[in-house]
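> Sequence and predicted structure below; questions after.
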Amino acid sequence: MKKILIYRNCSLGDFIVSLPAINLIKSFNPKSKIYLASQIPVKKPHVKPSHIPLKKKLIDKFIYFNYGKINFVKFLNIIKKNNFEKIYYLNAFESKKKLIRDYLIFSILGIKNKIGFEFEKYNYQKFNETYYLCKRVKKKLNYNDFLIENFLKNTKFFSKKKFITISFGGKNILKKWSSNNWEKLVMSIIENIPNIKIYIVGSRNEYKLAEKLRIKKSKSIINLCGKTNIKKLVDVIGNSSYHISHDDGTMHIASTFQKKSVSIFGKSTAEKGRWFPLNPNLKIFFGNKVNNINLKSVKKKIIKDIKSI
């Protein structure tokens, strides 16, 4: 059986936005074994792509490596031993130098057919990351080729009443709204909609703030920070009626289900529009400085939305 390699360094959100491109690769190589190679951090908590529940099998085997010469050499040996027929390069373009370096590495390792190594300046004001990843795989795209809905699998999550989900986590400080803003927002939602049920999701890093809010409003808030694996996280968000978050992985989860949602988007090193999901039910509040995003406007939009669901 022929083997195909996909190279993509993936966080939770990175993997989700690449799913349509991976699906195209699978459809073009139905009888081949698909491998995904991904670099993961050593110390930081990280969701591995293999843990993310999918409706259909797109990847047959995952290859992980981390920073450091020894691990990288092991990774190169694995690639060489597998004799891949071709590679689809879905990594982010950082510079021509790195692109040429990676091209040469995979050439030396014996992979003759190399797809997706074109260095282009993308117009993220027009299309998002998912579109351009698909464009590397298939030159003439149909609209359905780059839609991300219906890739994630969720099961029915038990709840007697409708609930919303909130995630105020994230790794990039440039994208994070202040704790004070989040506290005021959550309190305002509960004051205006007293019977609301809120599930706060995230990592252990968000546990303290979530617990502070839960103690204040124990009847309305359930703190799930640090208590869910990725499958349970997908189940909770997939069954929620509304989702509120930063520009993080949970935003992309909600968008795969086309959830009505709001995202607080601060400018990072990425171009504006690059990570905007293709979700007509998502309202993005964008600011060059995230804490300049107007709390009053965000509250007004969210409270109006929740009252209508």
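Looks like it arrived, so ask away. Computed from a predicted structure; not experimentally measured.
> And the helices in the protein, which stretches?
Using DSSP state H, the helices of the chain run over 12-28, 69-82, 96-108, 129-137, 179-192, 207-216, 230-239, 249-256, 295-308.
> looking at these, which is closest to residue 280?
Ranking the helices of the chain by proximity to residue 280 (CB to CB) places helix 249-256 first, at 9.9 Å. Quick note: C-beta positions are derived from backbone N, CA and C, even for glycine.
> Among the helices of the chain, show the one with the smallest mean pLDDT.
Of all the helices of the chain, helix 69-82 carries the lowest average pLDDT, namely a mean of 86.
> Just give me how far it sits from the chain centre.
Here the centre of helix 69-82 is set off from its chain's centre by 27 Å, with CA atoms, centre = their mean, to the nearest Å.
> packing partners for it?
Counting by 3 or more CB pairs under 8 Å, 6 or more residues apart in numbering; DSSP states H and E, the packing neighbours recorded for helix 69-82 are strand 3-7, strand 33-39, strand 61-65.
> among those strands, which is the most enclosed?
strand 3-7 (a mean of 22; mean count of other CB atoms under 10 Å).
> need the contact list for the residue nearest to residue 193 when sequence neighbours are not counted.
Of all residues not flanking residue 193 in the chain, residue 306 sits nearest, at 5.8 Å (CB to CB, 6 or more residues apart in numbering). Neighbour list for residue 306: 164, 189, 193, 196, 241, 242 [criterion: CB atoms under 8 Å, 6 or more residues apart in numbering].
> what do you get for residue 145?
When the contact criterion is CB under 8 Å, 6+ apart, the partners of residue 145 are 20, 24, 134, 138.
> Now the buried members of the residues you listed.
If you count burial by 16 or more other CB atoms under 10 Å, the buried members of those come out as 20, 24, 134.
> Run a quick neighbour tally on residue 234.
Here the number of neighbours of residue 234 (other CB atoms under 10 Å) works out to 26.
> just checking, it touches residue 53?
Yes - under the contact definition of CB atoms under 8 Å, residue 234 touches residue 53, with a separation of 5.7 Å.
> Quick check: neighbours shared by those two?
Residues touching both residue 234 and residue 53 (CB under 8 Å, 6+ apart): 152, 153, 154.
> could you measure residue 229 against residue 48, distance?
Residue 229 sits 11 Å away from residue 48, taking CB to CB, to the nearest Å as the criterion.
> no, scratch that, I was asking about residue 235
18 Å.
> domain assignment for this structure?
Structural domains of the chain, as assigned by automatic domain parsing, span the residue ranges 3-146, 164-308.
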